[in-house]
Every structure is written in structure tokens, then in C-alpha cells.
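**Student:** Below are the sequence and a predicted model; questions follow.
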Amino acid sequence: MFIAPPNKRIQLRLTLDVPCSTGGLVSVLKTQLSEMSVPGPQVTDGWDYHNQYLPQAHDHPKADAERHTSLCGVEHTQVFEASQNAAQVSYMLPAGGRFAVSVRFVRNTSPCSVLSEGNEVITLRNFGKRRNCTVTTIFPSELRILQLQVGVNEKHPNMEPETGTIHKCEKRGLDDFVQVTGLGFATELAAPTTVFGSVCGLDTSAGRPMSIFCDAINVRLVSSGRYDNAVTVYIKRLDTEEEQIGADYLCDAGL
């Protein structure tokens, strides 16, 4: 599993010596090992985490079917670039098969979805586009929104007064908001997510921390395309058992 800084994409260069005639295969950008008809290495655009894509399908620019490619060949080289700062290589090889992979971090001028290692500050922006952008963790975390500009200041130079943080934005019928969700535990990642709340507005002061005990957590910026949205969030890992037991929210408990 590869991870780069939030403002980078991962580029993989695979050099193969896996003859197709012997049933060799390299699958790039996601196929389950258990689903392969022949052995070979595999690469994921993002992470294949407990049989679920991260970033999730509705937060990713590519359809699931476009996130994998299968390869085989002798003295064959191919380059793949992930959509975000995360990629993954898995492999089973036939006898005599081998491959090499080299990794580069490529600048991403408009990062949207990010997998976080924790204990870092990350800013999500929609760059004026209609799309979802996410920060995803795969560990219990404490989140704190440091700055918020979502659903205000339409695309013109006139600034609106600061509104503060507005809660439950989607229930108010607003199309632009930041949503915090949790993704089950371990084998339950394919289950429906738990929504812990949503915010929008213009607020330049830090909000209160919220600690969440879930196997994976999403901070999702939902944008209609009418606004230039941005949210800055601090993510801290809950490493100790005491921190996890004392979390504000659990994945199977909503607000």
C-alpha cells in the first residue's frame, strides 16, 4: 500500500516478466485476488480495504470498472497514475514469473480526495467544480474543522459577511456542505455509513474537536458547483485505548 503527501499523485511503472502463455497476469487498478482466474500482481487506484474501494465510488472520478487493468507479457513495461495520493499493489505469481515496480510522486495541482496518515492538517477544495472531495482515514480519529468556507461567496468578487458555522445543512435544503461519516468496523465496511453531522457557512475560527471511534472515517466536501468551497481540517489519530474508549461518537451510533 503506497501513500504520498496530500498534494501528490502516485505514479507506478511496472516492468513485467510474466508470460501470458503460462497463465500469468498482472492486474492494475483493482481486481480481487480471490476473483482472478490466473495468478499475477495487481494494482489499485486507491486502496482495496476490506473489499471496498477507498476513496469510495461516489467520491471518485472513475467508475469502479475503470479502476483496474489486467496485464501479462515478457519484457513489457507500462505506466499507471492513480487519481489521488494512494495506490496499492497485490500479487500472486506463476512459477518463474516476476515483475518490478517503481514509484514516483507526481504533483497534483487540484487534489480532491485524500487518504490521510493522521496527525496532519488537510485542506479540501472543489476548485469551483460540481463534485465530492474527501479526506479518509482508516483508524479512529479526532477531527477539528479549522476554517470553513462552504456554500457562501458565489463566484464573484463581492465578499459576504461571516456567517459562522451552520449545522445540519443538507436538512435545510442546502446543496453545499461538509459531512462527517463513519464506515463500520472491519468486515462491515460495505454496510451503510453512519452520518455524524454536516456543516456549512463561513467561519475562520476553529470549531470544537470531535473524536470518532470507527474503522474508517470520511470528511466529505459536497459541492454543487455554484461556489468556490474550501474546508481545512486537522486529523489526529486516536492511538491509545483510553482515547478510543472516550470517543464522542461510535460508528453504530448517530447524533
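**Tutor:** It's in.
**Student:** Just the C-alpha atoms of stretch 165-180, please, in PDB.
**Tutor:** Provided in PDB are the C-alpha atoms of stretch 165-180 (Å, rounded to 0.1, in the frame of the first residue of the first chain):
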ATOM      1  CA  THR A 165     -20.800  27.500  11.300                       C
ATOM      2  CA  ILE A 166     -24.200  26.400  10.200                       C
ATOM      3  CA  HIS A 167     -25.200  22.800  11.200                       C
ATOM      4  CA  LYS A 168     -27.400  20.200   9.500                       C
ATOM      5  CA  CYS A 169     -27.000  21.900   6.200                       C
ATOM      6  CA  GLU A 170     -28.500  19.200   3.900                       C
ATOM      7  CA  LYS A 171     -31.600  19.000   6.100                       C
ATOM      8  CA  ARG A 172     -32.000  22.700   5.500                       C
ATOM      9  CA  GLY A 173     -32.100  22.000   1.700                       C
ATOM     10  CA  LEU A 174     -28.600  23.400   1.100                       C
ATOM     11  CA  ASP A 175     -26.600  21.800  -1.700                       C
ATOM     12  CA  ASP A 176     -23.100  22.600  -0.400                       C
ATOM     13  CA  PHE A 177     -21.900  21.200   2.900                       C
ATOM     14  CA  VAL A 178     -19.200  19.200   4.700                       C
ATOM     15  CA  GLN A 179     -20.400  15.900   6.000                       C
ATOM     16  CA  VAL A 180     -18.600  13.600   8.600                       C
END
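**Student:** Tell me which residues of it come out buried.
**Tutor:** For stretch 165-180, the neighbour count (16 or more other C-beta atoms under 10 Å) marks 165-166, 169, 174, 176-180 as buried. All C-beta spots, glycine's among them, are computed from the backbone N, C-alpha and C.
**Student:** same thing with stretch 50-63?
**Tutor:** Applying 16+ other C-beta under 10 Å to stretch 50-63 flags 50, 52-56, 59-60 as buried.
**Student:** quick one: average pLDDT of it?
**Tutor:** Mean pLDDT, stretch 50-63: 78.
**Student:** Equivalent analysis for stretch 127-143, please.
**Tutor:** What stretch 127-143 shows for mean pLDDT is 92.
**Student:** Backbone torsions only: list them for residue 241.
**Tutor:** Dihedral pair for residue 241: phi -60, psi -40, per degrees, to the nearest 10.
**Student:** same question, residue 65
**Tutor:** According to degrees, to the nearest 10, residue 65 has phi -70, psi -20.
**Student:** returning to that earlier point: next, format the buried residues of stretch 165-180 as TSV and append pLDDT, secondary structure and distance to residue 90.
**Tutor:** Shown next, in TSV, are the buried residues of stretch 165-180 (pLDDT from 0 to 100; DSSP: H, G, I helix; E, B strand; the rest coil; distance: C-beta to C-beta, whole Å):
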residue	pLDDT	secondary structure	distance to residue 90
165	92	strand	41
166	92	strand	43
169	91	coil	39
174	91	coil	41
176	95	coil	37
177	96	strand	36
178	96	strand	33
179	94	strand	31
180	93	strand	30
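**Student:** my read: residue 68 touches residue 44, true?
**Tutor:** Yes. Counting by C-beta atoms under 8 Å, residue 44 is a contact partner of residue 68 at 7.4 Å.
**Student:** Nothing else from me, thank you.
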